[in-house]
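**Student:** output the structure for:
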Amino acid sequence: MNKSELCKKVAESAEMTQSDANRAIDAVLETIAGELKRGEQVALAGFGTFVAKTRKEREGRNPATGKPIKIPAKTSAAFKPATALKDL
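**Tutor:** This is a model prediction of the structure:
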């Protein structure tokens with residue numbers, strides 16, 4: 001399912017126009033992204049939790065040369081599904 005299909009389903013389910021559903025979905029996604037950028041987590045009961053995870057700097061190897069390289073620290077988004085979602 002892509003975003004336009006999701007918007008169509010949400011519009012049908014909530015009895016709203018597709019453009020209203022699109023704006024609502026955009027607002028939700030922007031809010032989640034903003035909170036993750038600030039280092040906060042977003043928990044949706046019965047669905048799951050979005051968290052920002054930080055990976056430490058580490059050493060890796062260049063696969064072509066075999067030389068060690070430094071891989072910098074990085075923060076990325078992660079999703080942890082709720083038990084109710086896992087049971088589906």
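**Student:** what residue in the protein is the furthest from its centre?
**Tutor:** With distances taken as C-alpha atoms, centre = their mean, the residue sitting farthest from the centre of the chain turns out to be T65, at 34.4 Å.
**Student:** let's see the pLDDT reported for that one.
**Tutor:** Reported pLDDT at T65 in the predicted model: 94.
**Student:** ok so it is a helix residue?
**Tutor:** No. Secondary structure of T65 (DSSP: H, G, I helix; E, B strand; the rest coil): coil, not part of a helix.
**Student:** quick one, phi psi at it?
**Tutor:** Dihedral angles phi and psi of T65 (degrees, to the nearest 10) take the values phi -110, psi -20.
**Student:** report the mean per-residue pLDDT for the lengthiest helix in the chain.
**Tutor:** In the chain, assigned by DSSP state H, the helix with the most residues is helix 18-37. Mean per-residue pLDDT for helix 18-37: 95.
**Student:** what's the distance between the residue farthest from the centre of the chain and P72?
**Tutor:** 19 Å (C-beta to C-beta, to the nearest Å). Using the backbone N, CA and C atoms, a C-beta is placed for each residue, glycine as well.
**Student:** one more: M16?
**Tutor:** Distance from M16 to P72, by C-beta to C-beta: 44 Å.
**Student:** higher neighbour count, the two?
**Tutor:** Neighbour totals were compared for M16 and P72, and M16 leads with 15 against 8 (other C-beta atoms under 10 Å).
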